[in-house]
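K.L.:
Based on what follows, work out the 3D shape:
(one chain, ligands or ions: 1)
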Amino acid sequence: MKLGNYVAGEWREGTGAGEPLVDPVTGDELARISSQGIDVRAALEFARSQGGPALRELSYAQRAELLAKIGDILTANRDEYFRLSLLNLGATQADASFDVDGAIYTMKYYAKIGRALAEGKMLKEGAVVPLSKSNAFVGQHFLMPAKGAAVFINAFNFPAWGSCEKAAPALLSGVPIVVKPASPTAWLTQRMVEDVVKANILPPGAISIICGGARDLLDHVREEDVVSFTGSAETAARIRSQANVLRRSVRVNIEADSINSAIFGPDCAPGSELFELLVKEVVREMTLKAGQKCTTIRRVMVPRQQLKAFGDAVAARLSSVKVGNPRNSEVRMGPVVNKAQQAACLEGLKKLKEECSVVFGNDGKFQPIDADLQKSAFVPPTLFSCEHGLVAKHVHDVEVFGPAATLVAYDAHEDLIAITRRGLGSLVASVFSNDPEFIQSIVLGTGDLHGRILVVDSTVSGQHTGHGNVVPSCLHGGPGRAGGGEELGGLRGLLLYHRRFVVQGPAASISALSELCADSSLLYA
Ligand code: NAP
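P.N.:
Residues are numbered from 1 along each chain as shown. Model (predicted):
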């Protein structure tokens, strides 16, 4: 079976043998995809010329209604998405829920908050700027929806959420979307698009999907398009420096990989509530989606005197996590997505072992439940410990995109800040402490290199949203190595799909233009 591409308002099958999609538990081939022979230039042109104008005929509030309908369709097909997640990603119920329910929630969230923008055709930003003595001549800044296409190049680990977290703000902005899911897990995204197309919710050209290699896609993007990429830092660098993208100054948003940290405060003793909470969080982060989340905790900074106790507690919990075929109801952690990812993880573990000691796993005894070790793509959960965080290299640099984390000892407070900053830009750091001064110093010392800082103290206890959980109401993205992108953040997420410009002119014309607008201050409400 070859999955179709939906371009220029039609389903088209790619030519050639295509690439196989496999079950990471059994190694069986499930389907094939191919983008060969698909005219991506025409697909983009159709999106710009048909989908965009039809979407922008509608108001923000009307487009919010479309998102609500998409949310309903996705909800109605949720069971099927769980089935595909199991087949193509080896996802447990919890893994599938994180991706699929996260996608549905995000779509419905934008449907709800988008209504506030009401009837505006664009957004008015800030107050009128006086430019003449009599105020007859003034300036006004506006934000206008881009008249191009939004091109999404996505990572393999979130085929549902990764597409919806980009689609919701783009469609709400009035920008048609062209989705290119990562090849290994394209099936789930393709099925979701198929369901939305079948339900006839969006105007022709508002949604397209290309399954398989990106081929010459970026050669055809234009000045008015937006490219939103999620994936590895290596691919990000290629996309950012692509000749056509550079020549036309195409707007590019990058969400790349990240060596995220969790910091355990010196004020919390072993056995305390925060100690237990962080131990639980580290194990959850390592095992949920087999550690294949961009936000997963990769480094845990622990006061040196508590390193042993913390490692023992995490190891004890890890030892009770059943790893294997998610079809077995006892299993809590599945495989990574394919053999290539497995090989990359094992290579990364080898590097980390060069400068760390092993606290859990990596003992050659691993055997997944109900799965053949040779055919499947499992990576054993592995916890390392690093005594010399200031001089270590790989710990701050090698992203094992799987179930692995490293405990890093710290002594002085300045060292902790320096060690944390060695991530060179991350999506998230979390701080577990009851000491307000310590928390403040971490935020002030590391905030510029993080997209999000999660603080947990005893007043919050277990009510926090989770280190790795991206909520649509808050910013997602991070500087430096994390790509420098910004997504979500409630209606702020629409900024990526709008262009800022200023009109300088007669006060009466400016006033008339302003009448057509929703107020951009709503983006920050
Ligand atoms: P990847 O290998 O970089 O691929 C990402 C996407 O780029 C895929 O759709 C891939 O297509 C496409 N691609 C590859 N080369 C391309 C090129 N020359 N031009 C245009 N597109 C190209 O990343 P991945 O292995 O799928 O994802 C894992 C990585 O993503 C991890 O490092 C993780 O940290 C990161 N990630 C980050 C976030 C975040 O929000 N910051 C979220 C999730 C994952 P093919 O699959 O067809 O090659």
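K.L.:
other SSEs contacting the strand or helix carrying Leu143?
P.N.:
For Leu143, the enclosing helix or strand under DSSP states H and E is strand 137-145. Applying 3 or more Cβ pairs under 8 Å, 6 or more residues apart in numbering; DSSP states H and E, we find strand 137-145 packed against strand 122-130, strand 498-506, helix 507-515. For the C-beta atoms, the positions are set from N, CA and C on the backbone; glycine is no exception.
K.L.:
The next helix or strand after the last one pairs with which strands, and in what direction?
P.N.:
Elements were assigned by DSSP H and E; along the chain past helix 507-515, the next helix or strand is strand 517-519. For strand 517-519, the pairing partners within the sheet under DSSP bridges are strand 122-130 (parallel).
K.L.:
Show me the contact partners of the strand it pairs with.
P.N.:
117, 138-145, 498, 500, 502, 507, 510, 514, 516-520, 522-523 (Cβ atoms under 8 Å, 6 or more residues apart in numbering).
K.L.:
Which members of those residues are classed as buried?
P.N.:
117, 138, 140-145, 498, 507, 510, 517-520, 522-523 (16 or more other Cβ atoms under 10 Å).
K.L.:
Phi first, then psi, for the closest residue to the ligand within the stretch 401-525 of the chain.
P.N.:
For the stretch 401-525 of the chain and the ligand, the shortest gap (Cβ to the nearest ligand atom) falls at Phe401, measuring 5.0 Å. The phi/psi pair for Phe401 (degrees, to the nearest 10) reads phi -80, psi 70.
K.L.:
Tell me, how many residues neighbour Asn434?
P.N.:
16 (other Cβ atoms under 10 Å).
K.L.:
if I read this right, it contacts Asp267, doesn't it?
P.N.:
Yes: Asn434 is in contact with Asp267 according to Cβ atoms under 8 Å; the separation is 5.6 Å.
K.L.:
Run through the strands of the stretch 151-300 of the chain in chain order.
P.N.:
177-180, 207-209, 226-230, 251-255, 260-264, 297-303 (DSSP state E, counting those that start in this stretch).
K.L.:
Redo these as JSON lines? Include mean neighbour count, distance to the ligand and mean pLDDT.
P.N.:
Below are the strands of the stretch 151-300 of the chain laid out as JSON lines (neighbours: other Cβ atoms under 10 Å; distance: least, Cβ to the nearest ligand atom, whole Å; pLDDT from 0 to 100):
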{"stretch": "strand 177-180", "mean neighbour count": "26", "distance to the ligand": "6", "mean pLDDT": "98"}
{"stretch": "strand 207-209", "mean neighbour count": "26", "distance to the ligand": "12", "mean pLDDT": "98"}
{"stretch": "strand 226-230", "mean neighbour count": "25", "distance to the ligand": "5", "mean pLDDT": "98"}
{"stretch": "strand 251-255", "mean neighbour count": "22", "distance to the ligand": "3", "mean pLDDT": "98"}
{"stretch": "strand 260-264", "mean neighbour count": "27", "distance to the ligand": "10", "mean pLDDT": "98"}
{"stretch": "strand 297-303", "mean neighbour count": "25", "distance to the ligand": "10", "mean pLDDT": "98"}
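K.L.:
Return the distance of stretch 199-213 from the chain's centre.
P.N.:
Remark: stretch 199-213 is offset 21 Å from the chain centroid, using Cα atoms, centre = their mean, to the nearest Å.
K.L.:
How about stretch 170-187?
P.N.:
Per Cα atoms, centre = their mean, the centroid offset for stretch 170-187 relative to its chain is 13 Å.
K.L.:
all helices for the stretch 301-450 of the chain, in order.
P.N.:
307-319, 339-355, 413-421, 436-446 (DSSP state H, counting those that start in this stretch).
K.L.:
Compare those and give me the one nearest Asn77.
P.N.:
Of all the helices of the stretch 301-450 of the chain, it is helix 339-355 that lies closest to Asn77, at 26.7 Å by Cβ to Cβ.
K.L.:
Establish whether that closest one and the ligand are in contact.
P.N.:
No: residues of helix 339-355 are not located near the ligand by Cβ under 6 Å from any ligand atom, the shortest gap being 7.1 Å.
K.L.:
Kindly report the same for stretch 487-505.
P.N.:
No: contact of stretch 487-505 with the ligand (Cβ under 6 Å from any ligand atom) is absent, the minimum separation being 7.4 Å.
K.L.:
ok, and for that stretch, which residues are buried?
P.N.:
Buried positions in stretch 487-505, judged by neighbour count with 16+ other Cβ under 10 Å: 487-499.
K.L.:
would you list these in JSON lines and tack on secondary structure, distance to Ala186 and pLDDT?
P.N.:
Shown next, in JSON lines, are the buried residues of stretch 487-505 (DSSP: H, G, I helix; E, B strand; the rest coil; distance: Cβ to Cβ, whole Å; pLDDT from 0 to 100):
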{"residue": "Glu487", "secondary structure": "strand", "distance to Ala186": "21", "pLDDT": "98"}
{"residue": "Leu488", "secondary structure": "strand", "distance to Ala186": "23", "pLDDT": "98"}
{"residue": "Gly489", "secondary structure": "coil", "distance to Ala186": "28", "pLDDT": "97"}
{"residue": "Gly490", "secondary structure": "helix", "distance to Ala186": "29", "pLDDT": "97"}
{"residue": "Leu491", "secondary structure": "helix", "distance to Ala186": "30", "pLDDT": "97"}
{"residue": "Arg492", "secondary structure": "helix", "distance to Ala186": "29", "pLDDT": "97"}
{"residue": "Gly493", "secondary structure": "helix", "distance to Ala186": "24", "pLDDT": "98"}
{"residue": "Leu494", "secondary structure": "helix", "distance to Ala186": "27", "pLDDT": "98"}
{"residue": "Leu495", "secondary structure": "helix", "distance to Ala186": "28", "pLDDT": "98"}
{"residue": "Leu496", "secondary structure": "helix", "distance to Ala186": "23", "pLDDT": "98"}
{"residue": "Tyr497", "secondary structure": "helix", "distance to Ala186": "24", "pLDDT": "98"}
{"residue": "His498", "secondary structure": "strand", "distance to Ala186": "29", "pLDDT": "98"}
{"residue": "Arg499", "secondary structure": "strand", "distance to Ala186": "31", "pLDDT": "98"}
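K.L.:
Helices of the stretch 151-300 of the chain, start to end?
P.N.:
Using DSSP H, counting those that start in this stretch, helices in the stretch 151-300 of the chain cover 161-173, 186-198, 233-240, 243-247, 273-287.
K.L.:
Put together a markdown table for those helices, with mean pLDDT, distance to Gly205 and mean neighbour count on each row.
P.N.:
Compiled in a markdown table, the helices of the stretch 151-300 of the chain are given as follows (pLDDT from 0 to 100; distance: least, Cβ to Cβ, whole Å; neighbours: other Cβ atoms under 10 Å):
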| stretch | mean pLDDT | distance to Gly205 | mean neighbour count |
| --- | --- | --- | --- |
| helix 161-173 | 98 | 12 | 27 |
| helix 186-198 | 98 | 11 | 22 |
| helix 233-240 | 95 | 24 | 16 |
| helix 243-247 | 98 | 22 | 12 |
| helix 273-287 | 97 | 40 | 21 |
